[in-house]
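Q: Need coordinates for the below:
(4 chains)
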Protein chains: 2
Amino acid sequence: MATLKELARLSKASIRTVARVVHRKGYVGAKTRERIEGAIAELGYEPDLAARSLRTRRSFEIAVVVPTADEIHMDKLAAAERQLRGAGYRLRVFFEGQGTPPEWKALFKHLHASKPAGVLFLPALPPAGLEGASGLGKAGIPYVLMDLVTGNHPGVRIDRPQGVYEAVRHLIASGRKRIAFVGPGEAQSRSRLAGYRRALEEAGLPAIHLECAPEAAEEVRRLGRELADRPEKIDAVQAYTDQVAMGLLAGLHDAGRTVPREIAVVGFDDRRMAMLAWPPLTTVAQPNREVGEAAAAMLLEWIDRGGGPPPVESRTVPTRLVIRESG
Amino acid sequence: MATLKELARLSKASIRTVARVVHRKGYVGAKTRERIEGAIAELGYEPDLAARSLRTRRSFEIAVVVPTADEIHMDKLAAAERQLRGAGYRLRVFFEGQGTPPEWKALFKHLHASKPAGVLFLPALPPAGLEGASGLGKAGIPYVLMDLVTGNHPGVRIDRPQGVYEAVRHLIASGRKRIAFVGPGEAQSRSRLAGYRRALEEAGLPAIHLECAPEAAEEVRRLGRELADRPEKIDAVQAYTDQVAMGLLAGLHDAGRTVPREIAVVGFDDRRMAMLAWPPLTTVAQPNREVGEAAAAMLLEWIDRGGGPPPVESRTVPTRLVIRESG
DNA sequence: CTGAAAGCGCTTACAG
DNA sequence: CTGAAAGCGCTTACAG
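A: Residues are numbered from 1 along each chain as shown, chains lettered A, B, ... in the order given. Got it, this is the predicted structure:
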């Protein structure tokens, strides 16, 4: 690969001057500049990032910690990468806790030692990861959480209450009166429950929280089978995720119920499968692209400030109700 | 961060000797070694990769090109990363062609210039990417395709014919006689069709290829609606992907058909949603972990050989029939 | 077996 | 405005 030295020789200028052109700063005589730019194009020069980081002691690497590699999170990451790449950074990914138990200690030790320009944490980061993230911040390594749920971290807040609020309002507007929320317990469902309860309260309708483990497909399906026979006379469900919604649909179909005529079902996430469900799922879409772009922007801003204290504000991005056929 | 120099000072040895301990090669006196190892632990030394690659002119980066970031491909990548990380390499990801049109030229220019230790290509790589990959190989940069479909490339071949063969055999064994294949045209479906046709021929049953664009959800659903009324009297379907299978299921349900009683449906991929379909989808599972591990192994092997010509052999990994309720 | 030294490509304070 | 030079941390051929 071409080096500054070769560039200098070819264009009969000093390394110093070539560097000026490469960095687009400092005055360089018009003719000299022209020669140098010609040489850059001719040799296809790209600066050696290893040398640059060795010299400047800064890195152009953004480390990305990926606790779960599902499509909605990868869409967020793809959007972030676009921005970050444009700003001259590269993404280095660490899958952690998939297939093998996570080794947070080793990972954070490595991150502290390799000093990336910044770190991006994808959802769903467990407590051990959250703690490690704080440690990075204290050590002056900027970081951003792609899904800020709780605690005092720089991150992007996905406005779940608002999306769920809209979804439940939509159910109410279409005449539903006994709307259940199906998902995990209070702690994990907090933000969705907030929107759910607000909509119901405004309409003077009762809240019905049916708990289930969202990953337990069989359990969710069974719940769906029994849903229509429950004493609460449920006529609609806001599910915790699309996956829960799909499990409920399966159970409802098992029991011979018609969706949405007897029971409406609304999901959350808008995965690609949502439109393939039967009936196609009405759901609250996560704004993956906006999340990625907002996270990238926050991280770049903190990096450009040269480390220091974390940004005070987190950004909140809205969710969006997507109406299909299930509710 | 600690440097070799500090380590040398702390352990009263020369840099050369410290380097020996770090690299675990060459003889070092027992006492010296002990002092040095103590110092390494105490300072939490991790070598500076920028300096190392600047000096050795080799990189410890594996570039990963990601044309589509869906969960099954990310599972493959996660498995590969585990192996590669263990061997001292880091993954640098490039999402290409998601959200913005792909810029293959710029990407490959960058890859040639930055000389990663190797490059991993995830499915589904379009022709422009394939061509660029060959170019890397010719320039001495090892690469592996995670899903080798066609052409002469080092890569992992997913044994689709065998999985589809098993699936169709399973359908035949359960009494199906008019088994259709639903998916895109000959070229794209070739490997699946091979397994499909072999099973049918062996049983003396007719092949029925119904074409559809796998991404066109509405079209697939319509096809599903009309499936049972077709002159071919179809009683089972092998779908191109789980997504096609789900679309067909939706259409079949629209038309009031019972699955699998009237028509059995088998998918391909075993996405996480497959078990959430109604009825839960019988499908052919891609061996994501094995694919990732095989790809990593091939890449490491080529890297260790120090570039040169590509490995002659591609590896083939088997697929696996997962029987649920839809067929 | 171990030490002193050169040099990878870059950036940048210092001269001229 | 532009040139010569030092040094980032590492590896490694060369001495001793």
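
Q: Find the helix or strand that residue A:283 is a member of.
A: Using DSSP states H and E, residue A:283 falls within strand A:282-285.

Q: excluding its backbone neighbours, what's nearest residue A:203?
A: What sits nearest to residue A:203 in space, not counting adjacent residues and going by CB to CB, 6 or more residues apart in numbering or on different chains, is residue A:172, at 5.0 Å. For glycine as for every other residue, the C-beta is placed from the backbone atoms N, C-alpha and C.

Q: Would you check that the one you found makes contact with residue A:198?
A: No. The criterion here is CB atoms under 8 Å, and residue A:172 misses it with residue A:198 at 11.6 Å.

Q: returning to what we had before: what's the next helix or strand after the strand holding residue A:283 packed up against?
A: Reading on from strand A:282-285 to the C-terminus, the next helix or strand found by DSSP H and E is helix A:288-304. Helices and strands touching helix A:288-304, by 3 or more CB pairs under 8 Å, 6 or more residues apart in numbering or on different chains; DSSP states H and E, are helix A:71-86, strand A:118-121, strand A:143-145, strand A:156-159, strand A:315-318.

Q: list the buried ones in helix A:288-304?
A: Judged by neighbour count using 16 or more other CB atoms under 10 Å in any protein chain shown, the buried positions of helix A:288-304 are A:288-300, A:302-303.

Q: ditto for stretch A:150-163
A: Neighbour count says stretch A:150-163 has A:153-163 buried, by 16+ other CB under 10 Å.

Q: and if you look at stretch A:232-250?
A: Neighbour-count burial for stretch A:232-250, with 16+ other CB under 10 Å as criterion, is recorded at A:234-250.

Q: One more: stretch A:110-123?
A: A:110-112, A:114-123.

Q: got the contact list for the residue in the stretch 151-300 of chain A positioned nearest to DNA strand C?
A: Residue nearest to DNA strand C within the stretch 151-300 of chain A: residue A:300 (18.3 Å; CB to the nearest atom of the strand). Neighbour list for residue A:300: A:83-84, A:87, A:118 [criterion: CB atoms under 8 Å, 6 or more residues apart in numbering or on different chains].

Q: how close does it get to residue A:80?
A: Distance from residue A:300 to residue A:80, counting by CB to CB, to the nearest Å: 10 Å.

Q: what residues are shared contacts of these two?
A: Residues touching both residue A:300 and residue A:80 (CB under 8 Å, 6+ apart): none.

Q: element containing residue A:245, please.
A: Using DSSP H and E, residue A:245 falls in helix A:242-254.

Q: what's the very next helix or strand once past that helix packed up against?
A: On the C-terminal side of helix A:242-254, the closest following helix or strand by DSSP H and E is strand A:264-269. Applying 3+ CB pairs under 8 Å, 6+ apart, one finds that strand A:264-269 makes contact with helix A:160-173, strand A:236-239, helix A:242-254, strand A:282-285.

Q: how about the residues of chain A that lie near DNA strand C?
A: Taking CB under 7 Å from any atom of the strand, the part of chain A that reaches DNA strand C is made up of A:3-5, A:15-16, A:19, A:22-23, A:45, A:47-48, A:51-52, A:54-56.

Q: ok, back up a step: got the contacts of residue A:300 as JSON lines, with distance to residue A:255 columns?
A: Converted to JSON lines, the contacts of residue A:300 look like this (distance: CB to CB, whole Å):
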{"residue": "A:83", "distance to residue A:255": "47"}
{"residue": "A:84", "distance to residue A:255": "48"}
{"residue": "A:87", "distance to residue A:255": "53"}
{"residue": "A:118", "distance to residue A:255": "50"}
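
Q: so which of the residues you listed comes closest to DNA strand C?
A: DNA strand C lies nearest to residue A:87 out of these, by CB to the nearest atom of the strand, at 15.0 Å.

Q: Local confidence estimate at the nearest residue to that closest one once chain neighbours are set aside?
A: Nearest residue to residue A:87, sequence neighbours excluded (CB to CB, 6+ apart): residue A:300, at 5.6 Å. pLDDT for residue A:300: 92.
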